[in-house]
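K.L.:
Give me a 3D structure for the following:
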Amino acid sequence: MIELAHPWALVLVVLPVVMRLAPAYRESRDSVRVPFFDKLVELSEERPQTGAMILTRDRAQRFLVNFMWLCLVLAAAKPQWIGPPIEQQKSGRDLMIAVDLSGSMETRDFTLPDGQTVDRLQAVKQVLEELTDQRASDRLGLIVFGNAAFLQTPFTDDHEVWAQLLKETEIGMAGQSTVFGDAIGLAIKLFQESDSDNRVLIILTDGNDTGSTVPPVDAAKVAATQDIRIYTIAIGDPTSVGEEALDMETIERVSEVSGGQDFQALDREELRRAYEAIGELEPDLYETISFRPRQSLHWVPLGIVSVLYTIYHLSQIWLSRRRRGGIRAA
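P.N.:
Next comes the predicted model:
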């Protein structure tokens, strides 16, 4: 389908008609009086004329001038070829995952299907890698926290890069403590910089908060005002004590005030079920963008004008030289 980007330019078509209403252009020329005028006329075989003279165009010139003017007006209107609609789907949700890298994550109390025992972080990594395959429509981000919270991966559609950066995380690389509240605060800042209206934060931790700048529950209340849902997954034994103790009351409260849910994973299978439950609560979400490609065709009438103009003037030059050759031969 062809459309005009500037249809108002077609008004210029009537401009030659307006110009014809104007008086003809007059040009004065110098003349020379000679005593042998009759003899000069006889030799030149020209017919003497008197008074004003208006130059007229032949039929070819009239056609070319009018046709080229139409082409120029059409080019000014900028015709465009509009292609069929093309739909693209992009990520409809920003999903941030915050992983606790404190020293307690080194506890080897998770058993793989083959019977091998691994530490808590290794189990988390394996289940998160499965999660990336299931969340193809989400932009994923990764926060790691210990003594402080750090951004490991900004929101990205490239899940392979995200998974690779997850593999590079190590226990203790962020410190031995658990700043639960600061991880939520960093996530809030990152969500404020994103364009998505659907925001989800998943936090995995195996300890209680040990010195966050903002208490976890207060941070969760701020997240709720930003429409951020928080899902918490408590990893480890709830009967543990000290810094490794699970503060289930805080974990549950964080999810409650933000509109999310909390889960407890004592083994790898429970951890997987927690992700499956989150997947049911947060189904795949896509945003469809539709557009129609446009290709400008203004160069077509301009090309026609250039070709016709060149052909006409080359033909005039050729005829002029032929006439001169005929006169010399005579």
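
K.L.:
Any figure for the gap between the nearest residue to Leu95 once chain neighbours are set aside and Asp247?
P.N.:
Leaving out its chain neighbours, the residue that sits closest to Leu95 by Cβ to Cβ, 6 or more residues apart in numbering is Asp138, at 4.3 Å. Every residue, glycine included, has its C-beta placed from N, CA and C. From Asp138 across to Asp247, the span is 28 Å (Cβ to Cβ, to the nearest Å).

K.L.:
re the thing from before, tell me the bridge partners for the residue nearest to Leu95.
P.N.:
Arg93 (DSSP bridges).

K.L.:
where does it sit relative to Ala75, distance-wise?
P.N.:
With distances taken as Cβ to Cβ, Asp138 is found 47 Å from Ala75.

K.L.:
quick one, which of those two is more surrounded?
P.N.:
Asp138 (25 against 20; other Cβ atoms under 10 Å).

K.L.:
Would you mind confirming that the more buried one makes contact with Arg93?
P.N.:
Yes: Asp138 lies in contact with Arg93 (Cβ atoms under 8 Å); the separation is 4.7 Å.

K.L.:
re the thing from before, per-residue confidence at the residue nearest to Leu95?
P.N.:
Per-residue pLDDT puts Asp138 at 81.

K.L.:
now Thr225
P.N.:
pLDDT, Thr225: 92.

K.L.:
residues touching it, list them.
P.N.:
Contact partners of Thr225, counting by Cβ atoms under 8 Å, 6 or more residues apart in numbering, are absent.

K.L.:
How about the one 5 residues further on?
P.N.:
Neighbour list for Ile230: Ile184, Val200, Leu201, Ile202, Ile203, Ala220, Ala223, Val254, Ser255, Ser258, Gly259, Gly260 [criterion: Cβ under 8 Å, 6+ apart].

K.L.:
Just confirm it is within a strand.
P.N.:
Yes: secondary structure of Ile230 (DSSP: H, G, I helix; E, B strand; the rest coil): part of a strand.

K.L.:
Spatially nearest residue to it (excluding sequence neighbours)?
P.N.:
Nearest one to Ile230, counting by Cβ to Cβ, 6+ apart, is Ser258 at 4.0 Å.

K.L.:
Much appreciated, bye for now.
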